[in-house]
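**Student:** everything below, folded, please.
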Amino acid sequence: MLSAFVSAFRTPDLRRKILFTLGLIALYRLGAALPSPGVDYRAVQDCVKLVSGGENAGIYQLINLFSGGALLQLSVFAIGIMPYITASIIIQLLTVVIPRFEELRKEGQAGQTKMTQYTRYLSIALAILQATGLVALAARGQLLQGCQEDILADTSIFGMIIIVLVMTAGAALVMWFGEQITERGVGNGMSLLIFAGIAARIPIDGKSILDTRGGLVFSIVCVAVFAIIVAVIFVEQGQRRIPVQYAKRVVGRKMYGGSSTYLPLKVNQAGVIPVIFASSLLYLPNLISQLTGSATATEPSWWQEIIQKYLVNPSNPVYIAIYFGLIVFFTYFYVAITFNPEERADEMKKFGGFIPGYRPGKPTADYLQFVLSRITLPGSIYLGAVAVLPNVFLDMGNSGAVANLPFGGTAVLIMVSVGLDTVKQIESQLMNRNYEGFLK
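**Tutor:** Presented below is the predicted three-dimensional model:
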């Protein structure tokens, strides 16, 4: 692997792409540490240290994880990449219900460019909404509950509008960073930015576990993380290979086809999207409760009490059960939207392909749907089990341990998936230049 890495840097074009990617990631981490104007940096740091180990910050931890710790610190890149990810998911889902989007998806590069433009517009709108909600919670002292300090130096309307505009501009810049990495760098830009945010939190949270729990617990956590990494790699690489035979056909004076290949169906066909869906959905009730509740109210309403009791503490059994159920549901939902067996059957039929033992057309589509539904079940259970691991096992007598999410299953799942995808992309470019790749 080291020799292949040296070979990658010896290739001028690939070296330029890798350095460009690392440069933008460094700029992203710099912006994540740069405080927004009008934010008291010292007060924010004191509050984060005060509540980072408590339950009050637990509901924000996954969103804060994706931003690399920038969310709770109210930095320039506090909103991070989440608006773009959410907008991409929404646009992808709308292609099923809006005929215009379905037509654009089938138009090729021109249609994809238009869909990307719609995604950008929606990302800016979502960034404004998220920044406004974040600043409103910070102004009311509900972002970091339990902290008595004023984290906003200027709570006037003009001052808060400036903070919202700066955070929205930061989200737009992060979106541009991700697109530039995808086009001119190595790997998927959005995924690599999330990877960088999670990786930046590992040393801090590792030291926190070591200082508060001791060396024995830290060693157990490291062994558990290693076991999760092995399991995630094993499942992420797993796939069901459906054999496909192409009939011979004559075009002009040449004969095509007659070859055998396979259609790979991954066990985890949905990736980490169901985890993001489920986490966002569980995050919304508490956010709505805080925005609609009064800061001076002595007694919360009945529905606020239910939210505070069951949907705030990630170690609550009800929270874990709902989280797991939502992941299983969204796994089936997302796979049903992104993988259309009828389209795959029509494509194979168009090019003279067929699955041995099944006639082209509807019988092939029914068989693909049957296989897909069978492998989606273990894939959904695997995703749910990995996602709830920090809630179940990392809570060793103190619910604050759940806050150390970079050592949890969700973070490991994202990092391993992004790492494997990036290594495969670098390997493919090395193989094109007759170099030995990373994966032997």
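**Student:** tell me where the stretch 251-400 of the chain has strands.
**Tutor:** Using DSSP state E, counting those that start in this stretch, the strands of the stretch 251-400 of the chain run over 254-256, 260-266, 353-354.
**Student:** out of those, which one sits most buried?
**Tutor:** Mean neighbour count (mean count of other C-beta atoms under 10 Å) peaks for strand 353-354 among these, with a mean of 20. (Glycine included, C-beta is placed from N, CA and C.)
**Student:** quick one: residues in contact with it.
**Tutor:** Val244, Gln245, Tyr246, Ala247, Glu347, Met348, Pro360, Thr364 (C-beta atoms under 8 Å, 6 or more residues apart in numbering).
**Student:** and the residue nearest to Leu173 when sequence neighbours are not counted, how far is that from Tyr334?
**Tutor:** Nearest in space to Leu173, with sequence neighbours left out and distances taken as C-beta to C-beta, 6 or more residues apart in numbering, is Gly31 at 7.2 Å. Distance of Gly31 to Tyr334, computed by C-beta to C-beta, to the nearest Å: 30 Å.
**Student:** output the contacting helices and strands for the helix or strand harbouring Leu193.
**Tutor:** For Leu193, the enclosing helix or strand under DSSP states H and E is helix 189-213. Judged by 3 or more C-beta pairs under 8 Å, 6 or more residues apart in numbering; DSSP states H and E, the packing partners of helix 189-213 are helix 12-33, helix 61-66, helix 82-97, helix 157-184, helix 215-237, helix 409-432.
**Student:** mean confidence (pLDDT) on the second one, please.
**Tutor:** Mean per-residue pLDDT for helix 61-66: 63.
**Student:** now the helix holding Leu193: buried residues?
**Tutor:** Residues of helix 189-213 classed as buried under the neighbour-count rule (16 or more other C-beta atoms under 10 Å) are 189-201, 205-206, 208-209, 213.
**Student:** check stretch 11-25 too.
**Tutor:** Thr11, Leu14, Lys17, Ile18, Thr21, Leu24, Ile25.
**Student:** once you drop chain neighbours, what's closest to the second one?
**Tutor:** Nearest-residue entry for Leu14: Ala8, 5.1 Å, with adjacent residues in sequence omitted and distances by C-beta to C-beta, 6+ apart.
**Student:** what residue ranges in the stretch 251-400 of the chain score low on pLDDT?
**Tutor:** When residues are selected by pLDDT under 70, those of the stretch 251-400 of the chain lie in 251-258, 287, 290-291, 293-300, 313, 390-400.
**Student:** can you pull out the helices in it?
**Tutor:** In the stretch 251-400 of the chain, the helices defined using DSSP state H, counting those that start in this stretch lie at 273-292, 302-310, 317-338, 341-350, 362-393.
**Student:** mind putting these into TSV with mean neighbour count and distance to Lys266?
**Tutor:** Shown next, in TSV, are those (neighbours: other C-beta atoms under 10 Å; distance: least, C-beta to C-beta, whole Å):
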stretch	mean neighbour count	distance to Lys266
helix 273-292	18	13
helix 302-310	14	33
helix 317-338	18	10
helix 341-350	16	14
helix 362-393	19	8
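**Student:** nearest to Ser75, out of those?
**Tutor:** Proximity to Ser75, assessed across these by C-beta to C-beta, is greatest for helix 273-292 (19.4 Å).
**Student:** that closest one packs against which elements?
**Tutor:** Using 3+ C-beta pairs under 8 Å, 6+ apart, helix 273-292 is in contact with helix 61-66, helix 82-97, helix 109-139, helix 302-310, helix 317-338, helix 362-393, helix 409-432.
**Student:** out of those, which comes closest to Pro264?
**Tutor:** Of all the helices and strands packed on helix 273-292, helix 362-393 sits nearest to Pro264, with 11.0 Å by C-beta to C-beta.
**Student:** from the contact counts, what lies against that closest one?
**Tutor:** Counting contacts by 3+ C-beta pairs under 8 Å, 6+ apart, helix 362-393 packs against helix 215-237, strand 239-246, strand 260-266, helix 273-292, helix 317-338, helix 341-350, helix 409-432.
**Student:** out of these, flag the one nearest Glu305.
**Tutor:** Going by C-beta to C-beta, the one of those nearest Glu305 is helix 273-292, 9.6 Å.
**Student:** so what touches that closest one?
**Tutor:** In this structure, residues lying in contact with helix 273-292 by C-beta under 8 Å, 6+ apart are 59-60, 62-63, 85-86, 89, 133, 136-137, 140, 142, 300, 303-304, 307-308, 311-312, 319, 322-323, 326-331, 333-334, 380, 383, 387, 410, 413.
**Student:** how about 7 Å then?
**Tutor:** 59, 62-63, 85, 89, 133, 136-137, 142, 304, 307, 311-312, 322-323, 326-327, 330-331, 334, 383, 387, 410 (C-beta atoms under 7 Å, 6 or more residues apart in numbering).
**Student:** likewise stretch 165-181?
**Tutor:** 21, 24, 27-28, 31, 36-37, 76-81, 83-84, 120, 123-124, 127-128, 131, 187, 189-190, 192-193.
**Student:** try it again at 8 Å.
**Tutor:** The contact list for stretch 165-181 (C-beta under 8 Å, 6+ apart) reads 20-21, 24-25, 27-28, 31, 36-37, 75-81, 83-84, 120, 123-124, 127-128, 130-131, 134-135, 187-190, 192-193.
**Student:** so Ala196 sits right up against Tyr28, yeah?
**Tutor:** Yes. Here Ala196 reaches Tyr28: they are 6.3 Å apart, a contact under C-beta atoms under 8 Å.
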